[in-house]
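Enquirer: Predicted model and sequence below, questions to follow.
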Amino acid sequence: MIELQGLTKRYGDKTAVDHLTFTVRPGVVTGFLGPNGAGKSTTMRMLLGLDNPTSGDVRIDGKHYAQLSEPLKYIGALLDAKAIHGGRTAYNHLLCMAQSNRIPRHRVDEVLETVGLSAVAKKRSKGFSLGMGQRLGIAGALLGDPEILMFDEPVNGLDPEGIHWIRNLMKGLAAQGRTVFVSSHLMSEMALTADHLIVIGRGRLMADTSMSDFIEKNSRSFVRLRTPQQERFKDVMSRAGHTVVETGDGAFEIADSDAAALGELAAQHQLVLHELSPQRASLEEAFMQLTAESVEYHAGGQMGSAPAGGPGAPVPAGMGAPGAPAAPSPYGASPYGPSPYTPGQGAPQGQPGWQGQGAQGWPQQPGQGGQAGAPPAPPAPPAGQEWGAQWRDNSKKKGR
Amino acid sequence: MAATSAVLQSEWTKIRSVRSTVWTLALAFLVTLALGAIICAVFNSQWSSMSDSDKATFDPTNTSFFGMTLGQLALIVFGVLVISSEYSTGMIRTSLAAVPQRGHFYASKVLVAGLLALVVGMVTSFLTFFLGQALLGSHHASIGDPGVFRAVFGAGLYMTLIVLFCVGTAAMLRSPMLGLGILMPFFFLVSPILTAVPKVKSVARYFPDQAGQKIMQVVPDSDSHTSYGPWGGIGIMAIWVAVVLIGGYAVLKRRDA
């Protein structure tokens, strides 16, 4: 059990980790997800007592890390793969770790066997590939047979076989009732391994949810259509009660609809369709939308049209999202004008959670707010901003 | 608290399992021994051409430790690498995750490095002395002569303290480049040069190496001073060492790893 309580880390005026509060429970794999620079590694370092928190508290089974005697028997951690002296052999690296915690020597051979490094045990680790270094780091984490395991980006540098191996290893460890806490910036990876999900962006908690909930809420299905008769198409669909969203590249999206029914409707009105395809948004997309405004290093601002704010801003920037009616004050000046959508409505107050968010946030939801026919829809993917705004609403309600 | 013996054992495994330990200490031993031997042989063969005053102040014990000036550079590398390689490789995170009680970790590392340096230093100083005296022929000093044993034992202590001084400094600087870049020129150039400059030398003689080297002299040299004696000198050096070791601990304790 790992408990974080208001954990905060500042470097000068830059906040790397901002009041993180969550619990990592035993028996499941908990995924710790966030874009690069979100504060995952800093959080993990504070957990291990390597970095001192600016404020807040993190405890392992109720104790601070420095209070643990022989901590490798409680918690095994893989931080960056190369936290290893390259001039030392794999065996000696593990041996010096084992000796410091009075772990019997035979465990060194056992974990080397487990990670498949027995053949190179007597080789200096500077000659190791990234994947081998990663395996050696994992061997170190397993050394004390700990109840809690923590892996920072474990699949980095592993080949497909290695990735498969680490997935099974983590699931196996959790199945034995251990606490497994694993960070990643890849949603797809988390979807395959994690049972529970903690998402952070810019050091802030964005979601704390079970994986199945996340998938259920975010596997948005919609139908993509293309037609040369755009105006008539919109009229027809609106009259039938569908909310049509323009995607900006000349196509339309209608959420939660049956492709066959839409095709028949178009045929009845003799509309020419160039495309009619059922789609499912990927989890990766949902994750990107969730963290869009919190991404530290943009490739070029394609993640939504909202401007990125300074890291020290008390409320995340990117306020241009629709959502003015539901979230007045700081978001008032929306470039899109008042929007009928009400993100955050019905969201639980306090701890952000996916529970109870429902699908109200999605602009494609027909009947939301009682309007049909696409109102002044933003040209960029509205969903992204919608989600971003939703979480910002929550974090604002938390009183930060 | 992790058991003290366990952490010491772990630090011993660490120090013995990297190559730099072997080659720096072997180099320190060989350079000190070989250079001392060569100088002693040269003095022996040139004895007849030396002036009377030179003969009067000739210090056979100190002469055999001539190689220490170069040999200590390898000890500096050893002392710096013992701690700063933890930082340069990232091993420090693994080490502190295994032993989160930082004082405990640091004390064990200092103790293991210090004991190893003491053993190597004593072996080096005694072997260097006996080889050098053998090569000096009739001009040799004997270990039983007044002050000689103190000088030879002191040479071993000096080598140990040089290593510990570098461990403490490197713990403060946390980088091998920085540690070597500052300590090598300081001990090889800055300190000897400043000791030769008038006025400045009255300050420079309190530098750790200058103070510590006093213990190796048996016959006072021409420009000798009496501001401190041999044990006073090594005491001054020990104070320097204590200060930088405490500084290193303060940095390790406070800063993020």
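Expert: Thanks, I have it. All values reported here derive from a predicted model rather than from experimental measurement.
Enquirer: Look at the nearest residue to B:Val112 once chain neighbours are set aside and say how many residues are nearby.
Expert: Computed as Cβ to Cβ, 6 or more residues apart in numbering or on different chains, the closest residue to B:Val112 that is not its neighbour in sequence is B:Glu11, at 4.3 Å. C-betas here are computed from N, CA, C, even on glycine. Neighbourhood size, B:Glu11 [other Cβ atoms under 10 Å in any protein chain shown]: 25.
Enquirer: In which helix or strand does B:Glu11 reside?
Expert: helix B:4-16 (DSSP states H and E).
Enquirer: Any buried residues in that helix, and which?
Expert: In terms of neighbour count (16 or more other Cβ atoms under 10 Å in any protein chain shown), helix B:4-16 has its buried residues at B:6-15.
Enquirer: do stretch B:89-109 as well
Expert: Here stretch B:89-109 shows B:89-102, B:104-109 as buried, counting by 16+ other Cβ under 10 Å.
Enquirer: Could you do stretch A:17-25 as well?
Expert: Quick answer for stretch A:17-25 (16+ other Cβ under 10 Å): A:17-20, A:22, A:24.
Enquirer: Check stretch A:91-109 too.
Expert: In stretch A:91-109, residues buried by neighbour count (16+ other Cβ under 10 Å) are A:91-103, A:107-108.
Enquirer: now, which of these lie close to chain B?
Expert: A:92-93, A:95-102 (Cβ under 8 Å from any Cβ of the partner chain).
Enquirer: Can you classify B:Trp47 by secondary structure?
Expert: Following DSSP: H, G, I helix; E, B strand; the rest coil, we place B:Trp47 in the helix state.
Enquirer: Apart from its chain neighbours, what residue comes closest to it?
Expert: B:His139 (6.2 Å).
Enquirer: Do a quick rundown of the helices in the stretch 101-250 of chain A.
Expert: A:106-115, A:130-142, A:160-175, A:187-193, A:211-218, A:230-239 (DSSP state H, counting those that start in this stretch).
Enquirer: can you put these in TSV and add distance to B:Gly235?
Expert: Below are the helices of the stretch 101-250 of chain A laid out as TSV (distance: least, Cβ to Cβ, whole Å):
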stretch	distance to B:Gly235
helix A:106-115	44
helix A:130-142	43
helix A:160-175	56
helix A:187-193	61
helix A:211-218	66
helix A:230-239	92
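Enquirer: export the ones you listed to JSON lines and tack on mean pLDDT?
Expert: Putting those into JSON lines (pLDDT from 0 to 100) gives the following:
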{"stretch": "helix A:106-115", "mean pLDDT": "96"}
{"stretch": "helix A:130-142", "mean pLDDT": "92"}
{"stretch": "helix A:160-175", "mean pLDDT": "91"}
{"stretch": "helix A:187-193", "mean pLDDT": "85"}
{"stretch": "helix A:211-218", "mean pLDDT": "80"}
{"stretch": "helix A:230-239", "mean pLDDT": "89"}
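Enquirer: most packed of those?
Expert: helix A:130-142 (a mean of 23; mean count of other Cβ atoms under 10 Å in any protein chain shown).
Enquirer: Can you tell me what sits against that one?
Expert: Contacts to helix A:130-142, defined as Cβ atoms under 8 Å, 6 or more residues apart in numbering or on different chains, come from residues A:76-84, A:90, A:93-94, A:97, A:111-112, A:114-117, A:120, A:125, A:128, A:149-151, A:154, A:156-159, A:162, A:166, A:169, B:94.
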